[in-house]
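In: Structure, please.
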Amino acid sequence: MFNFGKKQIYPIGVDLGSSYLRMAQLGINGQGPFLVSAGLRAKPESIEPRTPAWQHWAIGAIKDIWHETNFKGKDVITALPSDDLFIDPIKIPRTALDRLSEVALPKVQKRLPFPSAQALLQYIVVEQPEAKGPDADVLVIAAERETVNRYLAIYEKTGLNVAGISIWPMALIQSYSNFFCRRQNERQRIAILLDVGTRHTNVVICRADSLLFARVISIGYADLDNEPMRQRLVAEIDACIRYYEALPGSGVIERLVFLAGIGASVDLCDKIAELAHQMQVAAQVGDVLCAVEMNHGPACMVDRRNSRVDWATAFGLSLYQVK
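Out: Got it, this is the predicted structure:
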């Protein structure tokens, strides 16, 4: 959580997704969080992600934003986009939790989209307060080593310093916990966070800073022009909720936050509101731009008006080390 007693500038959060590059740097002062500077670039439709042409575009776009904005320092925090991160929930005997790397890999090895020998793996033990029984729920998070090296090479050629690599679920949680979860009673509630991108919808279930579940749904704004696809997205989100609430000892989800800009689709907002009504939980649109003091100078290329562009991941990455 923010320390309002002193001024501090955080690293630059870089959200290099499949359709947009977002760079944002936050700070804190006596009045609260403020946006130091930010910049945005849309990827040309003719360029395919993860190709040499895409790498060349990303390097140039980062350099352009850097020169056009007023960032402080060269430290950046980034995260692999949804397409490049594998997340899978598994069960592990509690007696084997001290041997996670040995026990977990065989359970996901056949589902990995790349050879396990080339995988960088991380394990998050999901602690359910009321859970009983011999097994613990574990999230396996994996990325291909070559992919990570490709992103590191991009930043090396821009002259920026990668101070850390996070994962998109934790970036969303950082935005949620710092901007929309400040009261102590809110931090005890389990919440589902929804982040709709151009081609994907990221789903996170958390309790304050604790990650409980994460999944990528391959439906985004580009697919939501018709009612059947909107209904399918809501059905997929509902399936995530049902999966989580069926876990032994899991609590009840009490809050739904749609992390979106002010220009989010009204039809989609209505569908999400209907889902929240069925769940009998409170729902809100969480626009991170409304949660910070804006810098409206020429060095901040952010237009809040009618924007579908969501800044939750970039803001959360900038807040990576905030306690």
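
In: give me the number of residues near residue 291?
Out: Burial measure for residue 291: 18 neighbouring residues, criterion other CB atoms under 10 Å. For the C-beta atoms, the positions are set from N, CA and C on the backbone; glycine is no exception.

In: How about it, nearest residue that isn't a chain neighbour?
Out: residue 179 (3.9 Å; CB to CB, 6 or more residues apart in numbering).

In: and if you look at residue 148?
Out: Spatial nearest neighbour of residue 148, excluding adjacent residues (CB to CB, 6+ apart): residue 120 at 6.1 Å.

In: which element is the one you found on?
Out: Per DSSP states H and E, residue 120 falls inside strand 119-126.

In: So which bits of that strand are buried?
Out: Neighbour counts over strand 119-126 (16 or more other CB atoms under 10 Å) mark 119, 121, 123, 124, 126 as buried.

In: Quick one: list the elements packing against that strand.
Out: When contacts are defined as 3 or more CB pairs under 8 Å, 6 or more residues apart in numbering; DSSP states H and E, strand 119-126 packs onto helix 100-108, strand 135-144, helix 145-158, strand 210-217.

In: what's the closest of these to residue 233?
Out: With CB to CB, the closest approach to residue 233 among the helices and strands packed on strand 119-126 belongs to strand 210-217: 6.6 Å.

In: Pull out the buried positions in that closest one.
Out: By 16+ other CB under 10 Å, the buried positions in strand 210-217 come out as 211, 212, 213, 214, 215, 216, 217.

In: quick check: angle from it to strand 119-126?
Out: On the basis of axes from the mean of the first three to the mean of the last three CA atoms, to 10 degrees, strand 210-217 is oriented at 130 degrees to strand 119-126.

In: At which residues are the helices of the protein located?
Out: In the chain, the helices defined using DSSP state H lie at 52-68, 100-108, 145-158, 168-179, 184-187, 227-245, 266-279, 312-318.

In: Least confident of those helices, on average?
Out: When these are compared on mean pLDDT, helix 184-187 scores lowest, with a mean of 84.

In: if I look at residue 10, how far off is residue 115?
Out: From residue 10 over to residue 115 the distance is 36 Å, taken as CB to CB, to the nearest Å.

In: who has more neighbours, the two?
Out: Neighbours per residue, other CB under 10 Å: of residue 10 and residue 115, the larger number sits with residue 10, 23 against 10.

In: That one contacts residue 315, correct?
Out: No: using CB atoms under 8 Å, residue 10 is not in contact with residue 315; the gap is 9.6 Å.

In: Now do the shared contacts for those two.
Out: The contact sets of residue 10 and residue 315 overlap at residue 26 (CB atoms under 8 Å, 6 or more residues apart in numbering).

In: What about the closest residue to residue 275 other than its chain neighbours, how many residues nearby?
Out: Closest residue to residue 275 apart from its sequence neighbours, by CB to CB, 6+ apart: residue 234 at 5.3 Å. Per other CB under 10 Å, the neighbour tally for residue 234 reads 17.

In: Same check on the one 4 residues further on?
Out: As a burial measure, the neighbour count of residue 238 was computed by other CB under 10 Å and equals 13.
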